[in-house]
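[1] here is a sequence together with a model predicted from it:
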Amino acid sequence: MAKMPAQKIVTPNAEGLAASARAATKEGGAPVHLWNPPFCGDIDMRIARDGTWFYEGTPIGRAPLVKLFSSILRKEDDRYFLVTPVEKVGIVVEDAPFVAVDIEPIGEDLQFTTQVGDVVTAGPDHPIRVERDPKTGEPSPYVLIRNNLEALIDRKSFYRLVDQGSHSDHGGDRWFGVHSGGVFFPIIPSADLPED
């Protein structure tokens, strides 16, 4: 009986992922939603709450590399993966994979820019939502960037967002929130705001 050659086991690493991602994205944006490669395990990569990417405990200082990795990011259920046509590896995301670091009023709309250069206008396809910490009441605002990947809106941008706010009826109650893309996004019930 002929002996089968031993299969070489390749441990996923950042360099290999970057090479695969570069090759796959040469012709434009990465169609991550169309790729269905085998799961190759987890890689020691983490996105901190402030949007900093770490590999093996060290911050990734090269912005083009972070942007490349962000282009092959996918969320399935509550897990995050970097996906190329040939491999899929799990990574850790502390909160949201992106951080909205700027907000710009454009007419009656609100445009957000992330730390990796994604630009979206809040609206039906890019809703804003606010979660409140049940103990402290501290808000955590998010905007959807793409394919169920959100950006945490940073503090300065959230203050600028609130400056654009107004009171409106929503779901039978009065809310303070913002309008963008023809949609009202509630931030906090008007009754919870201190009176002037």
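    Here it is on my side, so go on. Numbers count the residues shown, from 1 in each chain.

[2] does anything pack onto the biggest helix by length in the chain? Which helices or strands?
    In the chain, with assignment by DSSP state H, the single longest helix is helix 14-24. Packing partners of helix 14-24 (3 or more Cβ pairs under 8 Å, 6 or more residues apart in numbering; DSSP states H and E): strand 39-47, helix 63-71. Using the backbone N, CA and C atoms, a C-beta is placed for each residue, glycine as well.

[3] I'd like the next helix or strand past the last one.
    Read it as helix 63-71. From helix 63-71 onward toward the C-terminus, using DSSP states H and E, the following helix or strand is strand 73-76.

[4] other SSEs contacting that next one?
    strand 79-83, strand 149-153.

[5] okay, Leu17: pLDDT?
    What the model reports as pLDDT for Leu17 is 73.

[6] if I look at it, how far off is Arg146?
    Look at Leu17 and Arg146: by Cβ to Cβ, to the nearest Å, they are 19 Å apart.

[7] just for the protein, where's the confidence low?
    Counting by pLDDT under 70, the chain contains low-confidence ranges at 1-12, 21, 23-29, 194-196.

[8] re earlier: of Leu17 and Arg146, which one has the most company?
    Legend: neighbour count by other Cβ atoms under 10 Å for Leu17 and Arg146, higher for Leu17 (25 against 17).

[9] element containing Val92, please.
    Going by DSSP H and E, Val92 is in strand 88-93.

[10] show me what the helix or strand following that strand packs onto, helices and strands only.
    Downstream of strand 88-93, the first helix or strand assigned by DSSP H and E is strand 98-106. Secondary-structure packing of strand 98-106 (3+ Cβ pairs under 8 Å, 6+ apart): strand 109-114, strand 149-153, helix 155-163.
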